[in-house]
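Trainee: Fold the following, please.
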Amino acid sequence: MEIVSTNRSHGGTQGVYTHQSAETGTSMTFSVFVPDHAPGAKLPVLWYLSGLTCTHANVTEKGEFRAACAEHGVIFVAPDTSPRGDDVPDDEGYDFGKGAGFYVDATQQPWAANYRMRSYIETELSALVAQQFPADMARQGITGHSMGGHGALTIGLRNPGRFRSVSAFSPIVSPLDCPWGDKALTGYIGPDRPAWRAYDAVALIEDGARLPDLLVDQGTADTFLEEQLKTPLLQDACARAGQPATIRMQDGYDHSYYFISTFMAEHVAWHAARLKA
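Mentor: Coordinates of the predicted model:
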């Protein structure tokens, strides 16, 4: 792991780092905020997965999480959204290829060699964080925005023993039922739609996956709500399954970081309460 930068902020250290990923076959960049802590102490970890076109930098620069993480003593980890590099296949569309890894392990060519963001997040980067930072890996939460909200929900639902807390901002709740998901999963996974269910939060809940609790914030003025995000599908699935969930429709808010930053401190506090219980 190499240090790109470190900055003092809110009584902690905001760092940006790179490492060579075996999963993606590329150099990967990620950011980590570590609050000040007693020598030898281990802190709970909150993962944040970003959305389409984003990198680690969007939330690091605009997410306004550091004051809350410092207050609650929580490490904040923000990975990239896809592999990068001249040799990595790409697509002309913003919603596929670089910046749009969808947190899946691709099985179709030419994507399968590099687009392994599921294993990168769930296994490789997790091991690196455990090795390099004062992280208590028995106390992990996960959140994310849009495509990253999809990633947070599905990774949390697939790994209920690992994540004590799961939340999301404006998540894509059912890639099986929206254009973004149809394009991404067809391209990465292929046309066998039953194979997509492992990457669909609504389908995972229908198939029996459960979380202790769930927090979702969605803006009512989000232009992607009706066609792409489809929050009511998640509300219905949770109600039918008896899955505890707080799904809040926030009046007048859109899909931007103005929205995310408004409610970020609440999400950090919500996670901290569960990670320290």
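Trainee: show me the contacts for the nearest residue to residue 193 once chain neighbours are set aside.
Mentor: Excluding its sequence neighbours, the residue lying closest to residue 193 (CB to CB, 6 or more residues apart in numbering) is residue 176, at 6.7 Å. For glycine as for every other residue, the C-beta is placed from the backbone atoms N, C-alpha and C. When contacts are counted by CB atoms under 8 Å, 6 or more residues apart in numbering, residue 176 touches 182, 185, 193, 196, 197, 200, 202, 203.
Trainee: cool, and residue 123?
Mentor: residue 23.
Trainee: Give me the pLDDT for it.
Mentor: As predicted, residue 123 sits at a pLDDT of 97.
Trainee: Buried ones among the contacts of residue 176?
Mentor: 185, 196, 197, 200, 202, 203 (16 or more other CB atoms under 10 Å).
Trainee: Give me the contact list for stretch 258-276.
Mentor: Under CB under 8 Å, 6+ apart, the answer for stretch 258-276 is 44, 46, 59, 62-65, 67-69, 72-74, 76, 139-141, 143, 145, 164-165, 167, 169-170, 212-213, 215, 217, 219, 222, 250, 253.
Trainee: Please narrow the buried ones among the contacts of residue 176 to those residing in helices.
Mentor: Using DSSP state H, the subset of those located in helices is 185, 202, 203.
Trainee: any chance of the buried ones among the contacts of residue 176 in JSON lines, with pLDDT and distance to residue 156 too?
Mentor: Formatted as JSON lines, the buried ones among the contacts of residue 176 follow (pLDDT from 0 to 100; distance: CB to CB, whole Å):
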{"residue": "185", "pLDDT": "98", "distance to residue 156": "19"}
{"residue": "196", "pLDDT": "97", "distance to residue 156": "18"}
{"residue": "197", "pLDDT": "98", "distance to residue 156": "15"}
{"residue": "200", "pLDDT": "98", "distance to residue 156": "13"}
{"residue": "202", "pLDDT": "98", "distance to residue 156": "14"}
{"residue": "203", "pLDDT": "98", "distance to residue 156": "14"}
